[in-house]
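*Asks:* Sequence plus predicted model, see below.
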Amino acid sequence: MPLLIDCYNVLHAEKPELLAGLDEISLCKALATGPWRSDRIVLVCDGKPKPLGFSNSPVDNVEVIYSGPLLSADELIIQMVNRDTAPRRLMVISSDRQIRTLVRRRGAKSISSELFLKSLANYITGKNEQNKVNAGKFHDQQIPSDQVDQWLRDFGYDPSEHSRQKGDDPASEKDDSEDLEGIWPPW
């Protein structure tokens, strides 16, 4: 099942601790070792490559496409799905509701960035230590919670006043894993 991934949407989504510090390069490496490695994988990024920045995938089976100055990554993903002759075989990874709605209208499958990252982390932790190394260099050092709390207070946020629990946000999407039973995760 080919994957179209809204790259920056995935990188900026809430992620499991194992994937803290995930960037474009480590995402490509993790994708290349995952259960979808035999499929076409396309990371769709906004804009154009930065000078001396990330522009190409470090692995062969992950393609990186930039939307250019006239389109957003969201618009490019929608165009790619609309142009595909067999959209039902596509899996689009994005938490953008507009993309997910339009993609599903075309018959393609869609999962949120958060569910994708959770599945990726579960896959990585279910493998042996050698495969964890091959999945990319993820940060294994944790910042002590007192340092995190101090940093938050420095920016005017008191963590003790605003503890957010899953489900507190009534506008949050339901867990879409039930819609993908038998399809996702792919292992």
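*Replies:* It's in. Numbers count the residues shown, from 1 in each chain.
*Asks:* Can you spell out which helices and strands pack onto the host helix or strand of Val148?
*Replies:* Secondary structure from DSSP states H and E places Val148 in helix 145-154. Where contact means 3 or more C-beta pairs under 8 Å, 6 or more residues apart in numbering; DSSP states H and E, helix 145-154 is not packed against any helix or strand. No exception for glycine: its C-beta is placed from N, CA and C like everyone else's.
*Asks:* How far off centre is it?
*Replies:* Relative to its chain's centre, helix 145-154 lies at 27 Å (C-alpha atoms, centre = their mean, to the nearest Å).
*Asks:* quick one: the strands in the chain?
*Replies:* Using DSSP state E, the strands of the chain run over 3-6, 41-45, 62-66, 91-93, 109-111.
*Asks:* which ones are touching Glu14?
*Replies:* The contact partners of Glu14, by C-beta atoms under 8 Å, 6 or more residues apart in numbering, come to Glu114, Leu117.
*Asks:* Phi and psi next, for it.
*Replies:* Backbone torsions for Glu14, taken as degrees, to the nearest 10, come to phi -60, psi 130.
*Asks:* Can you give me the distance of it to Gly68?
*Replies:* Here Glu14 is placed at a distance of 28 Å from Gly68 (C-beta to C-beta, to the nearest Å).
*Asks:* hang on, the earlier thing: can you redo the strands of the chain as CSV with distance to Asp74?
*Replies:* Shown next, in CSV, are the strands of the chain (distance: least, C-beta to C-beta, whole Å):
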stretch, distance to Asp74
strand 3-6, 7
strand 41-45, 9
strand 62-66, 13
strand 91-93, 10
strand 109-111, 12
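*Asks:* And these: which comes nearest Glu75?
*Replies:* Glu75 lies closest to strand 41-45 among the strands of the chain, at 9.8 Å (C-beta to C-beta).
*Asks:* if I pick the residue nearest to Arg106 when sequence neighbours are not counted, what's in contact with it?
*Replies:* Distances taken as C-beta to C-beta, 6 or more residues apart in numbering place Pro87 nearest to Arg106, at 4.3 Å, with adjacent residues excluded. Counting by C-beta under 8 Å, 6+ apart, Pro87 makes contact with Val81, Val103, Arg106, Gly107, Ala108.
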